[in-house]
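*Asks:* sequence? don't have it. structure:
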């Protein structure tokens, strides 16, 4: 291959050559011009931007002819591509590199064997803008390296630690960077074996492996551990090349290395942070997934089983709410330590976030082998935690999925363990639950129900029915309760007990509650012609709605939209919801009270009443749950509970409503008990708005007739 013709514009090429030479300070440029080593520079595109006289002699060109040439202009096609790839790799890595290389100039007499050192060029802000190469022609028989002016120039200018070693393995020469990196002075290193200088603290087979690589390829590259002269260990990236004489026989070796300890430490720290939880130091989801994948492969090979435990701390949110997140974090760290100690060294414990942990138990003969571990974990986590002088209590719910019975891959096992954990919570918490197929079927039903409920909210399939509450003293309506209903287009009417608990669990209760509030306000506004202005409509509100920061604003918007006064709305809240977050609830109820809104305790007696809390809340009425009323005819205990509730309400100055009154005897009991109002089928079932209007009109007719007779 012959050299390509020079560019057609000699003036432009001459200007580029002058500019490239002027890029160096005069003293530095003079040194480069006198350097017996060939030196060149290329830009990121591979075009030559500078060559010293020694390099121009190799190329057989003047500076003006050489500037701008690329590998394709100088070397045979196959070599040109290899050189380009090598240059791009050095610039991409951003660090120097040295190696033996064959140099074949197109049109020259034959190949030359050269030792090349390449260094990336950086601009003022550290960006790689090109590459500088220095090489020594080793084609001619080598001279005495200790006295070689060429070798001295190379050694003193290379920024990496460099040493030249004879075939016996003894050090012939080192450069200043070697002294700075290893701590050994040149006079201490000359004549020593590298191992005597603390280099390559590797296993015994390293020397045979690296020797084989040198013999077969002429070079070796890798990462080693060295020992500094002061005794400390450090990591280096080393390249080792074999230098041959004119007859092709090995004459010596050149080793080049740099300290990469800080870089590796930073990489390891980043790797650790990427794979471990920052709070507890436990493996995170990414590392757990890797270990679980490995455990599954091992289980397949050896016919073993394994188990995945999904561990969730019960009521941990209460710790954060009551004591703050700093205390909660300390408890999580202690819980992580307890879980780790309770399991085997071969098990993996991972934190998934929040108060959720996952444990991987490999090498099990059967799923039942996970039971002792679950029992140990439950006991360990049930013990009090000491944080900042406080004794804190939590328990744990554990879901267990096993391989191969419950799942064949990572996602399936985690999903099954998660379902089992929620079953453990539903079963009372503080227990372990093994996965079974019914849970998956139930999960599918829940997923289907969630999708249907979301669609129902968008399509406005939900509607309300209204049930009057009757004042026992006057016989008049004291309140209307709005009860949500769902007419599914395929499954027909779905009972509230089938979707309200799920809506609470999935937090769909927030949009569902807002929809019911909208419908209730709309209904109350449409009944202005039939109801007194002071008669309210009651709407059930969940704990999730009370904790929603936007609830009060949305509630006020609905009242304003329908021109309703606060006294025309009553909120019914369960006692559990009232005491879930007492401070937040009390503040919200006080603001509602300012608007004139009344609040009733719904389903009283079915929760865990905190009387010390209830008397501090601005409440208006208390509703005795229907489960007690329906048993007053058959169980004396139900009667006594109702009497106790009535007495409590009187002491708190609350009016009492008896729910679920269906028989005359139940009505008599409620009246004798002193209830203010009753609600139930004995007076009216829940009705759609149109039916309620007819019912109200029918009740009004006798009263109008009586007034008419009195007038006549």
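*Replies:* Everything's here; your move. Quick caveat: nothing in here was measured; it's all calculated off a predicted structure.

*Asks:* switch to C-alpha atoms for all contacts and neighbour counts from now on
*Replies:* OK.

*Asks:* Before we go further, residue 465 is sitting in a strand, right?
*Replies:* Yes: judged by DSSP: H, G, I helix; E, B strand; the rest coil, residue 465 forms part of a strand.

*Asks:* Report the buried residues of stretch 182-196.
*Replies:* Neighbour counts over stretch 182-196 (16 or more other CA atoms under 10 Å) mark 182-184, 186, 189-190, 193-194 as buried.

*Asks:* who's in contact with residue 555?
*Replies:* Each residue near residue 555 by CA atoms under 8 Å, 6 or more residues apart in numbering is listed here: 514, 517.

*Asks:* likewise residue 545?
*Replies:* Contacts here follow CA under 8 Å, 6+ apart; on that basis residue 545 touches 509-510, 513, 551.

*Asks:* Assumed it was part of a helix.
*Replies:* Yes: counting by three-state DSSP, residue 545 is part of a helix.

*Asks:* measure it to residue 174 for me?
*Replies:* 76 Å (CA to CA, to the nearest Å).

*Asks:* Over to residue 372?
*Replies:* The gap separating residue 372 from residue 174 is 63 Å, by CA to CA.

*Asks:* neighbour count winner among the two?
*Replies:* More neighbours surround residue 174 than the other of residue 372 and residue 174, with 25 against 11 (other CA atoms under 10 Å).

*Asks:* what's the helix or strand for the residue lying closest to that one once chain neighbours are set aside?
*Replies:* Distances taken as CA to CA, 6 or more residues apart in numbering place residue 163 nearest to residue 174, at 4.3 Å, with adjacent residues excluded. Residue 163 is part of strand 161-166, with elements assigned from DSSP states H and E.

*Asks:* which other helices and strands contact the following helix or strand past that strand?
*Replies:* Sequence order places strand 171-174 as the next helix or strand after strand 161-166, per DSSP H and E. Contact here means 3 or more CA pairs under 8 Å, 6 or more residues apart in numbering; DSSP states H and E; on that basis strand 171-174 packs against strand 161-166, helix 186-189.

*Asks:* The same query, at a cut-off of 6 Å, please.
*Replies:* strand 161-166 (3 or more CA pairs under 6 Å, 6 or more residues apart in numbering; DSSP states H and E).

*Asks:* now what about the strand it packs on, what contacts it?
*Replies:* Strand 161-166 is contacted by residues 171-175, 177-178, 252-258 when judged by CA atoms under 6 Å, 6 or more residues apart in numbering.

*Asks:* Of these, which is the nearest to residue 46?
*Replies:* Residue 46 lies nearest to residue 256 out of the contacts of strand 161-166, by CA to CA, at 24.8 Å.

*Asks:* Surely the closest one touches residue 237?
*Replies:* No: Residue 256 is beyond contact range of residue 237, at 8.3 Å (criterion: CA atoms under 6 Å).

*Asks:* so which strand or helix has residue 49?
*Replies:* strand 48-51.

*Asks:* I'd like the contacts of strand 161-166 written out as TSV, with pLDDT and distance to residue 134 added.
*Replies:* Output for the contacts of strand 161-166, formatted as TSV (pLDDT from 0 to 100; distance: CA to CA, whole Å):
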residue	pLDDT	distance to residue 134
171	87	23
172	85	21
173	84	19
174	87	18
175	88	16
177	89	17
178	91	19
252	82	19
253	85	18
254	86	15
255	86	16
256	87	14
257	90	17
258	88	18
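
*Asks:* Tabulate those residues (TSV), appending distance to residue 215.
*Replies:* Output for the contacts of strand 161-166, formatted as TSV (distance: CA to CA, whole Å):
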residue	distance to residue 215
171	19
172	20
173	22
174	23
175	25
177	27
178	25
252	12
253	11
254	14
255	15
256	18
257	20
258	24
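
*Asks:* Helices of the stretch 101-250 of the chain, start to end?
*Replies:* Taking DSSP state H, counting those that start in this stretch, the helices of the stretch 101-250 of the chain run over residues 149-157, 176-182, 186-189, 205-217.

*Asks:* okay, those helices, which one's buried deepest?
*Replies:* helix 176-182 (a mean of 19; mean count of other CA atoms under 10 Å).

*Asks:* So what touches that helix?
*Replies:* 160-162, 185, 228.

*Asks:* Let me see the mean pLDDT of stretch 395-412.
*Replies:* Here stretch 395-412 scores 91 as its mean pLDDT.

*Asks:* Oops, could you answer that again for stretch 130-150 instead?
*Replies:* For stretch 130-150, the mean pLDDT works out to 63.

*Asks:* returning to that earlier point: what about the helix or strand following the strand holding residue 49, distance to the chain center?
*Replies:* Of the helices and strands lying after strand 48-51 in sequence (DSSP H and E), the nearest is helix 53-59. In terms of CA atoms, centre = their mean, to the nearest Å, the gap separating the centre of helix 53-59 from the centre of its chain is 58 Å.

*Asks:* okay, now the residue lying closest to residue 237 once chain neighbours are set aside: neighbour count?
*Replies:* Distance criterion CA to CA, 6+ apart; nearest residue to residue 237, sequence neighbours excluded, is residue 223 at 4.5 Å. Number of residues near residue 223 (other CA under 10 Å) recorded here: 15.

*Asks:* Show me the beta-bridge partners of the residue nearest to residue 174.
*Replies:* residue 174, residue 255 (DSSP bridges).

*Asks:* got the helices of the stretch 101-250 of the chain as a markdown table, with distance to residue 42 columns?
*Replies:* Shown next, in a markdown table, are those (distance: least, CA to CA, whole Å):
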| stretch | distance to residue 42 |
| --- | --- |
| helix 149-157 | 19 |
| helix 176-182 | 25 |
| helix 186-189 | 33 |
| helix 205-217 | 28 |
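
*Asks:* Out of those, which is closest to residue 423?
*Replies:* helix 205-217 (55.4 Å).

*Asks:* which strands and helices sit next to the closest one?
*Replies:* Packed against helix 205-217, as judged by 3+ CA pairs under 6 Å, 6+ apart, are no other helices or strands.

*Asks:* now it: how far from the chain's centre is it?
*Replies:* Offset of helix 205-217 from its chain centre (CA atoms, centre = their mean): 45 Å.

*Asks:* now swap in stretch 344-354 and tell me
*Replies:* Centroid separation for stretch 344-354 versus its chain: 16 Å, with CA atoms, centre = their mean.

*Asks:* Show me which residues of it are buried.
*Replies:* 348-352.

*Asks:* cool, stretch 455-472 as well?
*Replies:* Buried-residue list, stretch 455-472, by 16+ other CA under 10 Å: 456, 462-472.
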